[in-house]
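**Q** would you be able to build a 3D model of this:
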Amino acid sequence: MQKGPRSPCSASRAADPAGYGRLLLDGDHLVAIREDADASPEERKVTLCNAGVMAFDGGLALEIIDKIGNANSKRGILSGRCGSHRQANGIGGRRD
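**A** Next comes the predicted model:
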């Protein structure tokens, strides 16, 4: 099995990140992706934003999607919830 993150996501830095989901890190590890509408004032200061592309280990993708639900401000299945679920289950990514 290949080493490294099993569900990487893409990111970009935004001069004005308003409206974008923020990638929240603990050191080099992704701990959550928080949508702008759901972010705290401190989280809104983060300029590392979700670029909208994620990849999942095929054996985990449906399990993650089934568990995350749509309890968020946009009432949809959001990548931020995928990131939080990945971290909670020990499959968070590493910043490269």
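**Q** how near is residue 13 to residue 28?
**A** In this structure, residue 13 lies at 16 Å from residue 28, with CB to CB, to the nearest Å as the measure. (Glycine included, C-beta is placed from N, CA and C.)
**Q** try residue 11
**A** Residue 11 is 12 Å from residue 28, by CB to CB.
**Q** likewise residue 38?
**A** Separation of residue 38 from residue 28 (CB to CB) stands at 23 Å.
**Q** neighbour count winner among those two?
**A** Set side by side, residue 38 and residue 28 give different neighbour counts by other CB atoms under 10 Å, the larger being at residue 38 (16 against 9).
**Q** show me where the chain has its helices.
**A** Using DSSP state H, the helices of the chain run over residues 61-68, 79-88.
**Q** mean pLDDT lowest for which of those helices?
**A** Ranked on mean pLDDT, the bottom entry among the helices of the chain is helix 79-88, at a mean of 50.
**Q** okay, now the unreliable bits of the protein?
**A** Confidence mapping of the chain against pLDDT under 70 gives the ranges 1-7, 68-96.
**Q** kindly recompute the last result at 50.
**A** The model of the chain has pLDDT under 50 over residues 1, 5, 85-86, 88, 91-96.
**Q** dihedrals phi and psi, the closest residue to residue 36 other than its chain neighbours?
**A** Nearest residue to residue 36 in three dimensions, chain neighbours excluded: residue 19, at 5.2 Å (CB to CB, 6 or more residues apart in numbering). Reported as degrees, to the nearest 10, the phi and psi values for residue 19 are phi 90, psi -10.
**Q** right, and residue 19 touches residue 35 too?
**A** No - with contacts defined as CB atoms under 8 Å, residue 19 does not count as touching residue 35, sitting 9.2 Å away.
**Q** my guess is residue 49 contacts residue 13. True?
**A** Yes - between residue 49 and residue 13 a contact is recorded at 7.2 Å, counting by CB under 8 Å.
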